[in-house]
Structure formats: C-alpha cells, structure tokens
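> Sequence first, predicted model second:
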Amino acid sequence: MKRNILVTGGAGFIGANFVRHMLESSDETRVVVLDSLTYAGNLENLSGLDEGRLKFVKGDITDSAVVDALFVDEKIDAVVNFAAESHVDRSILGPKAFIETNIMGTFVLLEAARKTWTSPEALKSCRFVHVSTDEVYGSLGDTGYFTEETPFSPNSPYSASKASSDHLVRAYFHTYGLPVLTTNCSNNYGPYQFPEKLIPLMVLNALDGKSLPVYGDGKNVRDWLYVTDHCKAIEAVLDKGRTGETYNIGGRCEMQNIEIVKLVCKEVDSLIEFDEGLSLRYPYEKPRETLIKYVTDRPGHDRRYAIDCDKIERELGWKPEVTFEEGMKKTIEWYVTERAWWEKILSGEYLKYYDAQYGNRG
Ligand code: NAD
Ligand code: TYD
C-alpha cells in the first residue's frame, strides 16, 4: 500500500535505522522525517538515501503549527513516533526536556492526528505507532518477565515520561477512536547509536584504551535486541497490528552489564591482535579488561528488565533474527569502520558532558 509515513526522531539511532529499513523494504513508501536535531540527532545518519522518497524537515514535535501543517501538506497517513529524549542519566541530571518532548510532544502529535484523520476511511486506514520502552514497567527481581499486562511502575524521569506518553496514546484510542498502537521494546544496540549508551560507549573507550565505567556491581540485567530486528517488529505492528493494542518487543537475550563489557573487551583485543594496522590506530598494550572501572551506581538503577514477547511472535509472526554474537560483531565492525562518524561527535559538545560525568576522556 502507498503510504506517506511521518517518522519523528528519524535522525536518531533507531529512527534512522527504521527509515533505512522502510525505504529498502518497499518502493511504495514515502518518508517524511521530522527531527529537531538535538545533540542525539545527526543528518549523517540519513546520508545516501533515496531523496526522491525521503523528505527531511527540521522541527520540533512540540510545535503544533509545524506538526499540524505537515499532516495536511504531506498527506500523512501513518506516524511512527520515535522522537524523544532517550537517555536515563540525562533525565536524572535534567528532567525538564523529557517532560516537554516525551509527554507534550506526543500530545501535539496525537492532537494533529485527531484533527486531520476525521473521516471513517481515514480512521480505518491510518496508523499512529508510538515507540516506547520496557522501562515503563519498572524493575524485576531475579525471575519473571514483563507482559503487556504488567502494571506500569517507572523509576526514572525518562521512564516516567515515556509511561505518561503511553497512557496518552491509550486514552486517544478509547476516547476518540484514534487508530493507535504502542510498542514497548527492550534495549537496542547497533549502528548509529549515540555513544552515551552502554554498548557504543564501551566499544569506543575500549578501542581508544580509555577507562570502562561500570555502574554499581555491574550485575544489572538488560534484554538486548539488534536494532534492525526492532525496525522489522515496528513494521509488522504498522502493517498488521491491531489498533488500540500494545506489543512487547524483546530479544530473549538477557545479559548482565559486566558480561557485555567483558565481551566487548575480548572482541576488541582479538580485532587488534589480528590486524596490525588497527593496533597502530588503537594503541593499548594490556588486555582491555584491565580498563574496567567500577563507579558509583546510577540513582534508582533498575536491577533487571526481561521481556515476554509471545504476543507479537504469535499474532504478527515476528521473531528476532540476529543473535547477540552476530549483532555485537556487526556493531563493533561498524564503529571501527565509521571512526569519522563518532570522532566528530566526540570532538563537540558531547565531550564536555562526558568529561563532567566520567572524568577526562582525553
Ligand atoms: P535517540 O536519542 O538516538 O534519538 C532521538 C531523536 O529524536 C534524535 O534524532 C533527536 O534529535 C530527536 N528529537 C528529540 N527531541 C525532539 C523534539 N522535541 N522534536 C523533534 N525531534 C526530537 O533515541 P533512540 O535510541 O533512537 O530512541 C528512539 C525511540 O525509541 C525513543 O522514543 C525511545 O524512548 C525508544 N526506545 C529506545 C530504546 C533504546 O534502546 N535506544 C529501546 C526502546 C525504546
Ligand atoms: P543505558 O545504555 O544507559 O540504557 P538503559 O539505562 O536505558 O537500560 O545503560 C544500560 C545499562 O548499562 C544500565 O544498567 C546502566 C549501565 N551503564 C553502565 O554500567 N555504565 C555506563 O557508562 C552506562 C552508560 C550504562
């Protein structure tokens, strides 16, 4: 089906991977990206794409004039809402932007859809997919899984703002019959992820021989999903999901943080051992594990996330395809090849934030 999809936050990590995936998966799709290019947005994430079917608009999802006009001018019949402030540590340092973008921004998008999709045909054929996180469910003990019925219990300003937006989306279905769907996904990793998140941060620091800051005892558990698997799940929800429903998405891949950091160290050691050219570019004599440094824990640090994704597997036939081992290999290779991409980030504003958080990266 021919569609004009509004992808908010399409210049960020998952959004950009999704735009790439959608333009490849169907010639019929036209994508309009709305992104305000915060520190996490990067136009280079969209480079090399078919400009005939992709339009980029720099703008804020909280700006109702911009959003309302886009819905009409671009004949938007599907929305995939990625735009968000997405980093827990930043939400602890300064929650305001999270409230504004994640809650107010989602509200503005919902209102635009409600005002524009008024005919019975539009309500039948249009779709509003809201991309959210498993963090809304709070923290698990050693056992159990989050299902779509698990009550929300968010513990950080980030997860509280996402939970709040999820509730708004739900309310627009029950109150106005808006054709919405929500996805709650576990931790993603892969190309284009901003290097403040665990995996890229550890990869870059390991490559450069910098210290590897592990919060608390390093035994917090996350479920990990390779980003293209997440994109395919969102596509399945957009195409086949039942409106008003929420779908949990996960990789069935629980790992302790320290296991991941050690795996990164091993991969980087072997990469350097077998490639003389690289070892000159990434000098460090000792095994990378000696760079691990346990640091003060994050306040309110959720202990364990684990996702039951039976519903999307059963109803929509989606399954994760990339194993953690394959995904990590691809990810590390990507960061090795795309040094220019991250060196630019590390030479800008982000370095000041990094140094304030973790001490001098050098
Ligand atoms: P990201 O931080 O890499 O990208 C966010 C993008 O949104 C950036 O391009 C930024 O410029 C843009 N943006 C921020 N505020 C905006 C605003 N007011 N108006 C317009 N654009 C704005 O985030 P990500 O990791 O790609 O996450 C995307 C979405 O997926 C988020 O909603 C997040 O909550 C959700 N999610 C992320 C993960 C994960 O592991 N990264 C897991 C589950 C769900
Ligand atoms: P993060 O990538 O920030 O994702 P989230 O907090 O949304 O799960 O962190 C993943 C896990 O890694 C989390 O338990 C916090 C931990 N962590 C560290 O131990 N050190 C770090 O430098 C970072 C960024 C995260």
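On my side now, so go ahead. Ligands and ions are numbered 1, 2, ... in the order given.
> Briefly note if stretch 210-225 comes near ligand 2.
Yes - residues of stretch 210-225 contacting ligand 2 under CB under 6 Å from any ligand atom: 213, 214, 215, 220, 222. No exception for glycine: its C-beta is placed from N, CA and C like everyone else's.
> is stretch 211-222 anywhere near ligand 1?
No - if you take CB under 6 Å from any ligand atom as the test, stretch 211-222 misses ligand 1, and the best it gets is 8.7 Å.
> What lies in contact with that stretch?
186-187, 198, 202, 205-206, 254-258, 261, 264-265, 288, 291-298, 301-306, 358-359 (CB atoms under 8 Å, 6 or more residues apart in numbering).
> Are the strand or helix carrying residue 261 and ligand 1 in contact anywhere?
Element membership for residue 261 (DSSP states H and E) is helix 257-273. No - Helix 257-273 is not in contact with ligand 1 by CB under 6 Å from any ligand atom; minimum separation 13.2 Å.
> What's the mean pLDDT across that helix?
Averaged over helix 257-273, pLDDT sits at 94.
> Verify the stated contact: residue 198 with residue 260.
Yes - if you go by CB atoms under 8 Å, residue 198 and residue 260 touch, sitting 6.8 Å apart.
> how big is the angle separating the helix or strand containing residue 330 from helix 257-273?
Per DSSP H and E: residue 330 is located in helix 324-337. Counting by axes from the mean of the first three to the mean of the last three CA atoms, to 10 degrees, helix 324-337 lies at 50 degrees to helix 257-273.
> Could you name the helices and strands sitting against helix 324-337?
Counting contacts by 3 or more CB pairs under 8 Å, 6 or more residues apart in numbering; DSSP states H and E, helix 324-337 is packed against strand 187-189, helix 198-208, strand 221-226, helix 257-273.
> quick one: that helix to helix 198-208, angle?
Inter-element angle recorded for helix 324-337 and helix 198-208: 50 degrees (by the same axes, to 10 degrees).
> wait, does whatever helix or strand residue 31 lives in contact ligand 1?
Using DSSP H and E, residue 31 sits in strand 29-35. Yes - using CB under 6 Å from any ligand atom, strand 29-35 comes into contact with ligand 1 via 34, 35.
> So in that sheet, which strands flank that strand, and in what orientation?
Strand pairing for strand 29-35, determined by DSSP bridges: strand 3-8 (parallel), strand 54-58 (parallel).
> give the contact list for the residue in the chain positioned nearest to ligand 1.
Closest to ligand 1 within the chain is residue 12: 2.0 Å, counting by CB to the nearest ligand atom. Neighbouring residues of residue 12 by CB under 8 Å, 6+ apart: 35, 40, 41, 42, 45, 82, 83, 86, 194.
> Now with 10 Å, please.
18, 33, 35, 37-38, 40-42, 45, 82-84, 86, 192-194 (CB atoms under 10 Å, 6 or more residues apart in numbering).
> Show me the shaky parts of the protein.
For the chain, residues meeting the criterion pLDDT under 70 lie at 1, 279-280, 361-362.
> In it, which helix is the longest?
helix 157-176 (DSSP state H).
> buried set for that helix?
157-166, 168-170, 172-173, 176 (16 or more other CB atoms under 10 Å).
> Stretch 256-276 too?
Going by neighbour count (16+ other CB under 10 Å), the buried part of stretch 256-276 is 256-258, 260-265, 267-269, 271-272.
> just stretch 214-228 next, same as before
Buried-residue list, stretch 214-228, by 16+ other CB under 10 Å: 214, 218, 220, 221, 222, 223, 224, 225, 226, 227, 228.
> Could you work out the end-to-end span of that stretch for me?
Start-to-end span of stretch 214-228 (CA to CA, to the nearest Å) is 26 Å.
> isn't there a helix covering residue 129?
No - judged by DSSP: H, G, I helix; E, B strand; the rest coil, residue 129 forms no part of a helix; its state is strand.
> Just the C-alphas of stretch 330-337, formatted as CSV.
The C-alpha atoms that make up stretch 330-337 are tabulated as CSV, following Å, rounded to 0.1, in the frame of the first residue of the first chain:
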residue,chain,number,x,y,z
LYS,A,330,28.5,-6.2,13.2
THR,A,331,28.2,-3.4,15.7
ILE,A,332,31.9,-3.4,16.6
GLU,A,333,32.9,-3.6,12.9
TRP,A,334,30.6,-0.6,12.2
TYR,A,335,32.2,1.6,14.9
VAL,A,336,35.7,0.5,13.7
THR,A,337,34.8,1.5,10.1
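> neighbouring contacts of stretch 343-359?
Contacts of stretch 343-359 (CB under 10 Å, 6+ apart): 39-40, 42, 44, 87, 89-90, 93, 194-196, 200-201, 204-205, 208, 210-213, 293, 295, 339, 342, 360-362.
> Give me the distance between the two termini of stretch 241-254.
End-to-end span of stretch 241-254 (CA to CA): 26 Å.
> now, which of the contacts of stretch 211-222 lie close to ligand 2?
Residues of those in contact with ligand 2 (CB under 6 Å from any ligand atom): 187, 198, 257, 298.
> List only buried entries from the residues you listed.
With burial judged by 16+ other CB under 10 Å, the buried subset of these is 187, 198, 257.
> The last one contacts residue 202, correct?
Yes - contact status for residue 257 versus residue 202: in contact at 9.1 Å, counting by CB atoms under 10 Å.
> which parts of the stretch 51-200 of the chain sit against ligand 1?
Residues of the stretch 51-200 of the chain lying near ligand 1 (CB under 6 Å from any ligand atom): 60-62, 82-86, 101, 105, 131-133, 162, 185, 187-188, 194.
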